[in-house]
Every structure is written in C-alpha cells, then in structure tokens.
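**Q** What follows is a predicted structure for the sequence shown.
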Amino acid sequence: MPAALAAATDVLRLADIGFEAPAALLARHGLALVRVPDGAPIPGSYWGECEAGVIGATVHARADTPVHSLLHEACHLIVLPPERRAAVHTDASDSIEEEDATCYLQIVLADALPGVGRACVMADMDAWGYSFRLGSARAWFERDAGEARAFLVARGLLPASG
C-alpha cells in the first residue's frame, strides 16, 4: 500500500488502545512485543512505514502501527511451529495456507483486545486493502474460511467447535 494512502487511512492504531493489552496477548502465545520509538524504522517490517515487524518470536511496533497489522504479524508467528519462529526475519509466510490461517486468527484474537473486537479488525482490514475473493474480510471469514479454520484447529490453535 502506498505510504500516503496508508497514512491517510483511518484505522485503529496502538496509540488508541495502548501497548499493555497487546503485549499480554502476545505473551500468552510465547511472543514479545517491543515498542519502537515514534518515527524510528520498525525492525523486521515487511511493508515498512508504520507496519509491524517480526524477528524471531518478537513483534516490533510503534504507536502509529495499526492494530490489525500488529495482530497479523503476531499471528504469522503463532501459526508457525516454534522451531520455525526462531528463523523468521521480516517475512514469516511460507504458504497460502499459512497466510489464510494468519488472517483468520488475527480476526479471532481481536476479540481478546479490549475496545477492539473482530468487527473493527475486519473493517480495518478492508480499509487497509486486504483482498478477499468474496469482497470483504467479513464475507471471507463467515463464508469462505473453512480451510483456514481447519488449519488452526489441526494445530491446536482453535477449538474444534465454536
């Protein structure tokens, strides 16, 4: 996404919710959240600008990092086996299956952040330019994400029912 468009897009950012709840959520999954000073480059950021970055089991983010970006990059690490996490630097995705599972899990985990929730994250994903063949994150999540959910269930990241 072009930097000018990304900067103009109105989405929920870490400055809006703080770092404490996201850090606690990531810690429950064996990940660390490192706050990057405002204006400094974000280590391990694939897209640059304000997008979250990943290195090993650490997610890097600034106050202007979108919450959906933080969740997305964290979920890339969560879906990986621990032995693969250690080797991650900047690009964590290995397959379309992992990318889809990452998107699904970021929507689910949004409910664990006070004041966020899946509806907000799905709207922000659409605003930011995520592309789903049914036209929106919500339509994909509700009607086309069975394989992504099965991937997460098979790895013990989601319960089989619910």
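**A** Happy to help now that I have it.
**Q** Would you mind identifying the next helix or strand past the helix or strand of the chain with the lowest mean pLDDT?
**A** Least confident helix or strand of the chain, by mean pLDDT, DSSP states H and E, is helix 3-8 with a mean of 45. Downstream of helix 3-8, the next assigned helix or strand under DSSP states H and E is helix 14-17.
**Q** max-length helix in this protein?
**A** helix 96-110 (DSSP state H).
**Q** quick one, helices of the chain?
**A** 3-8, 14-17, 20-27, 67-79, 82-85, 96-110, 118-128, 137-143, 146-154.
**Q** ranking those by burial, who's on top?
**A** Mean neighbours per residue, mean count of other Cβ atoms under 10 Å, is largest over these for helix 67-79, with a mean of 27. For every residue, glycine as well, the C-beta is placed using N, CA and C.
**Q** and the angle from that one to helix 146-154?
**A** Angle between the axes of helix 67-79 and helix 146-154 is 50 degrees (criterion: axes from the mean of the first three to the mean of the last three Cα atoms, to 10 degrees).
**Q** Helix 67-79 - contacts with which helices or strands?
**A** helix 14-17, helix 20-27, strand 53-55, strand 58-61, helix 96-110, helix 118-128 (3 or more Cβ pairs under 8 Å, 6 or more residues apart in numbering; DSSP states H and E).
**Q** 10 Å instead?
**A** If contacts are counted by 3 or more Cβ pairs under 10 Å, 6 or more residues apart in numbering; DSSP states H and E, helix 67-79 sits against helix 14-17, helix 20-27, strand 53-55, strand 58-61, helix 82-85, helix 96-110, helix 118-128, helix 146-154.
**Q** Residues contacting the fifth one, please?
**A** Read it as helix 82-85. 30-31, 54, 56-58, 76-79, 92, 94, 98 (Cβ atoms under 10 Å, 6 or more residues apart in numbering).
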